[in-house]
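**Q** Build the 3D model from these lines:
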Amino acid sequence: MMGRTLAGLTLVITFAVQALSMGMFQVSIMAIYNYRGQKDNGRCCDGNQERPPCTMECRTFFSICLLHYITDVPETPSCPFGHTFTPVLGGNTINETALAVLNYFPLQIPFSYGWPGTFTLVIDVLHDAFHNRTLSDPSQRILRSVVIDTAHPPTLWRKKTEISESVDLFYNFRVLCDENYYGPECNTLCRPRNDNLGHYLCDENGTKICLPGWEGEHCQRALCLDTCNRTNGICEEPFTCRCIMGWTGESCDQCLTHPKCVNGYCLQPSQCICLGGWRGEYCNVDTNFCMKTQPCMNGGTCLFNLTSNYTCLCPHNFTGIHCENRLCYEGFCEHGGHCQDSDLGPTCTCPPEYHGVRCENPVPTCQEIACKNNGTCIMKEFGAACDCLAPFIGKRCETYINPCDDSPCKNGRCLNMSDSYTCSCEEGYKGDNCDIIVDLCDDFICYNGGTCFLDSTSKLPVCACGDQFSGPDCRNTIDLCVNHHCQNGGSCKGTSLDVNCECTDGYSGVYCEHRRDLCQDIVCKNGGICKHFENSTKCVCDPHYEGQQCEVPLLQSDQSATHPTLGDKDRDMGYVNNGVTLHHTIYTTLGTTLIIIYFCIPMKL
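**A** Residues are numbered from 1 along each chain as shown. Prediction:
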């Protein structure tokens with residue numbers, strides 16, 4: 001009945017409990033054939049017919065449930081090991097062609113617990129009756145397949161076929177450990193590494209396999225060369241041998257002598273054992289030096305010396321380390337010179353007419369010397385000599401020297417002036433030897449604090465002037481007040497940093513354009529009110545007070561008896577009432593008070 005090629009495109013469905021994984025259980029749906037288009041209760045999936053033949057195809061999807069090992073599977077299992085379901089994958093037939101069109105990629109959902117080995121797998125093929133892929137309605141089930149088995153990773157695909165009266169289902173399943181996890185429970189962790197913490201790979205059981213050249217529990221210890229002396233050398237990289245202090249050689253088996261040792265060897269570090277013919281702490285004294293080099297001169301005898309290799313025993317009339325210096329003897333100084341011994345040997349004091357080491361050379365006189373090129377003969381310490389005029393030199397002033405031969409002009413042309421030279425400098429340079437760069441600003445004056453600089457275009461000096469000056473040399477003064485117009489009698493004041501207006505009393509602002517309220521600085525007491533007139537202010541007092549700030553109280557008429565001193569003084573009190581100025585004068589005489597009240601025309605304050 002089958003006779004069909006199963007789907008080559010594998011649908012892989014995996015399960016997991018947590019994000020951290022140790023392995024995965026995979027299910028690969030290969031194909032399903034629902035020949036009648038009906039559910040396992042015998043009813044059609046869709047359409048008007050309840051019984052086959054069914055005119056409408058099923059909308060098929062899968063529910064996969066993974067449980068612990070149980071033989072009695074409930075109608076609705078709890079799926080403690082994992083559960084998933086697919087979207088609708090097709091109709092009555094889902095084969096290789098259908099899966100290829102869907103391009104449904106494998107899913108891998110890992111599990112994070114130690115795999116128990118035994119399991120129960122429940123695969124339900126369902127019809128999506130209400131387009132919500134419900135899993136709680138057993139009446140929509142097309143087929144159920146249950147696998148109760150044992151499997152340990154890594155497991156090859158196990159094929160499974162579930163055949164009912166009208167449905168054939170083909171699928172595979174397997175258990176795999178995640179990368180770096182091994183063992184039958186996927187709980188052996190082995191992560192290959194090649195760093196300071198280890199150098200190893202992992203075999204199929206998760207056992208560490210050391211990389212070549214490494215050993216130890218974690219393959220962290222490098223293997224040395226077979227020839228490496230393990231006492232004197234250590235291995236930090238495979239098949240190497242790094243010597244500890246005092247040892248050298250490819251195998252660290254050669255000791256190092258003392259740093260000052262010259263002709264010796266060692267058996268242990270820092271030793272200096274002398275070779276034959278050498279002595280001393282550092283084997284630097286040659287016992288055969290006298291015989292090999294014969295250093296003593298003038299018949300001196302060489303004697304061995306432990307400190308300096310040798311000592312010369314000099315014959316009579318000779319001295320020095322190598323007997324190289326003569327001592328005074330009769331006839332050593334010629335022409336009557338006087339001989340005297342010194343550390344450097346005999347020295348001669350010559351008579352005036354001779355000179356030289358042994359007074360062998362006569363001293364020349366000006367009568368014997370002819371100076372050329374206008375040279376002048378003069379007497380010096382060792383006789384006559386020529387004092388030459390430039391540009392001549394030499395023992396007889398016979399050699400001409402061109403002063404331009406040494407190219408003294410660095411950035412110009414040298415001109416020979418017979419006994420001297422002069423330089424014709426290139427543009428931009430000056431100085432006797434044309435070695436000073438010309439700064440055009442040196443001779444260019446900028447006045448009033450201006451700064452000279454070279455214009456980038458013309459290359460000529462120009463001045464950068466301060467705020468109050470202008471012109472090519474900053475001599476022109478700029479009137480900052482030309483465009484700064486002060487109002488209301490204010491006067492303009494300009495400085496190098498700013499320009500502003502000094503305002504008259506009663507005005508403020510950048511241009512003195514705002515009239516200032518003079519009353520803001522006046523304090524009227526006892527209910528008085530400050531009034532601002534054209535150029536002044538005044539406190540308008542309450543009727544019971546007077547004074548510039550309304551600070552003086554006034555007595556009422558019935559108080560004059562108790563204050564007779566006030567009765568003889570006129571009081572002129574004024575106050576504003578509803579825009580009418582009301583004035584009254586109080587006259588007090590002999591205990592009788594006469595009040596004269598008069599009205600004035602209203603004033604505008």
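**Q** Show the pLDDT at W115.
**A** Note on W115: pLDDT of 92.
**Q** Then K604?
**A** 42.
**Q** Likewise for F25?
**A** For F25, the model assigns a pLDDT of 91.
**Q** Give me the buried positions along the helix or strand where it lies.
**A** Using DSSP states H and E, F25 sits in strand 23-34. By neighbour count on 16 or more other C-beta atoms under 10 Å, the buried set for strand 23-34 is G23, M24, F25, Q26, V27, S28, I29, M30, A31, I32, Y33, N34. Placement of C-beta: from N, CA and C, glycine included.
**Q** Among those residues, which pair sits farthest apart?
**A** G23 and N34 (33.0 Å; C-beta to C-beta).
**Q** And for V523, the neighbour number?
**A** 11 (other C-beta atoms under 10 Å).
**Q** Distance check, the nearest residue to it once chain neighbours are set aside against I529.
**A** Using C-beta to C-beta, 6 or more residues apart in numbering and skipping the chain neighbours, the partner closest in space to V523 is Q549 (6.4 Å). Distance from Q549 to I529, counting by C-beta to C-beta, to the nearest Å: 12 Å.
**Q** now what about stretch 331-340, what contacts it?
**A** For stretch 331-340, the external contacting residues (C-beta atoms under 8 Å, 6 or more residues apart in numbering) are 326, 328-329, 346-351, 353-354, 358-360.
**Q** Common neighbours of Q549 and I529, please.
**A** With C-beta under 8 Å, 6+ apart, Q549 and I529 have common neighbours C539.
**Q** Check the contact between F239 and G213; I expect there is one.
**A** Yes: the criterion here is C-beta atoms under 8 Å, and F239 meets it with G213 at 5.7 Å.
**Q** what touches both of the two?
**A** A222, L223.
**Q** In terms of neighbours, single out the busier of these two.
**A** Set side by side, F239 and G213 show more neighbours around G213, with 16 against 13, by other C-beta under 10 Å.
**Q** so where's the chain uncertain?
**A** 1-21, 47-48, 99-109, 343, 418-419, 495-497, 534-535, 556-605 (pLDDT under 70).
**Q** Show me the domain layout of it.
**A** 11-182, 190-222, 289-326, 479-516, 520-599 (automatic domain parsing).
**Q** Dump those domains to JSON lines, plus distance to C386.
**A** Listed next are the domains of the chain as JSON lines, based on distance: least, C-beta to C-beta, whole Å:
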{"stretch": "domain 11-182", "distance to C386": "100"}
{"stretch": "domain 190-222", "distance to C386": "83"}
{"stretch": "domain 289-326", "distance to C386": "35"}
{"stretch": "domain 479-516", "distance to C386": "71"}
{"stretch": "domain 520-599", "distance to C386": "101"}
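**Q** Looking at those domains, spot the one closest to G428.
**A** Of the domains of the chain, nearest to G428 by C-beta to C-beta is domain 479-516, at 35.7 Å.
**Q** And that closest one, how far out from the chain middle?
**A** Distance of domain 479-516 from the chain centroid (C-alpha atoms, centre = their mean, to the nearest Å) equals 54 Å.
**Q** what's the span of that domain, first residue to last?
**A** Terminal residues of domain 479-516 lie 29 Å apart, using C-alpha to C-alpha, to the nearest Å.
**Q** if I look at the residue nearest to V523, how far off is D473?
**A** For Q549 relative to D473 (C-beta to C-beta), the value is 61 Å.
**Q** ok, now S458?
**A** 16 Å.
**Q** Looking at these two, which has the bigger crowd around it?
**A** Neighbours per residue, other C-beta under 10 Å: of S458 and D473, the larger number sits with D473, 18 against 8.
**Q** Tell me the secondary structure at the more buried one.
**A** Using DSSP: H, G, I helix; E, B strand; the rest coil, the structure places D473 in coil.
**Q** S424: neighbouring residues, count only.
**A** 10.
**Q** That one and N411 touch, don't they?
**A** No: S424 is beyond contact range of N411, at 10.4 Å (criterion: C-beta under 8 Å).
**Q** Which stretches in this structure count as helices?
**A** 96-102, 289-293, 564-567 (DSSP state H).
**Q** count of neighbours near the residue nearest to V523?
**A** Neighbours of Q549 (other C-beta under 10 Å): 16.
**Q** Check the one 3 residues further on too.
**A** Residues near V552, counting by other C-beta under 10 Å, number 13.
**Q** Over to D467?
**A** Neighbours around D467, by other C-beta under 10 Å: 13.
**Q** isn't it right up against D479?
**A** No: counting by C-beta under 8 Å, D467 does not reach D479; the two are 12.0 Å apart.
**Q** And H322, how close does it get to C328?
**A** On the measure of C-beta to C-beta, H322 and C328 end up 19 Å apart.
**Q** next one: A222
**A** Distance from A222 to C328, by C-beta to C-beta: 77 Å.
**Q** since we're on H258, how many residues are nearby?
**A** Quick note: H258 (other C-beta under 10 Å) scores 15 neighbours.
**Q** What about it? Give its phi and psi, please.
**A** phi -60, psi 140 (degrees, to the nearest 10).
**Q** got a list of what the residue nearest to it when sequence neighbours are not counted touches?
**A** Spatial nearest neighbour of H258, excluding adjacent residues (C-beta to C-beta, 6+ apart): C272 at 4.5 Å. Listed by C-beta under 8 Å, 6+ apart, the contact set of C272 reads T257, H258, K260, C261, G264, C266, E281, Y282, C283.
**Q** any chance of the residues you listed in TSV, plus distance to R230?
**A** Formatted as TSV, the contacts of C272 follow (distance: C-beta to C-beta, whole Å):
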residue	distance to R230
T257	23
H258	25
K260	30
C261	27
G264	27
C266	20
E281	33
Y282	31
C283	31
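**Q** Tell me the bridge partners for the nearest residue to C524 once chain neighbours are set aside.
**A** Spatial nearest neighbour of C524, excluding adjacent residues (C-beta to C-beta, 6+ apart): C539 at 3.9 Å. Beta-bridge partners of C539, counted by DSSP bridges, are C530.
**Q** doesn't I522 make contact with C539?
**A** Yes: using C-beta under 8 Å, C539 is in contact with I522, at 6.9 Å.
**Q** For the two, list the residues in contact with both.
**A** C530, Q549.
**Q** who has more neighbours, these two?
**A** Taking other C-beta under 10 Å, C539 and I522 do not tie; C539 has more neighbours (21 against 16).
**Q** who's in contact with that one?
**A** I522, C524, G528, I529, C530, K531, G547, Q548, Q549, C550.
**Q** possible to save those as CSV with distance to E50?
**A** Output for the contacts of C539, formatted as CSV (distance: C-beta to C-beta, whole Å):
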residue, distance to E50
I522, 108
C524, 108
G528, 109
I529, 106
C530, 107
K531, 109
G547, 117
Q548, 117
Q549, 113
C550, 112
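**Q** Got a PyMOL select line for the buried ones in those?
**A** To isolate the buried ones among these in PyMOL, judged by 16+ other C-beta under 10 Å, type:
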select buried, resi 522+524+528+530+531+549+550
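**Q** Done for today, thanks.
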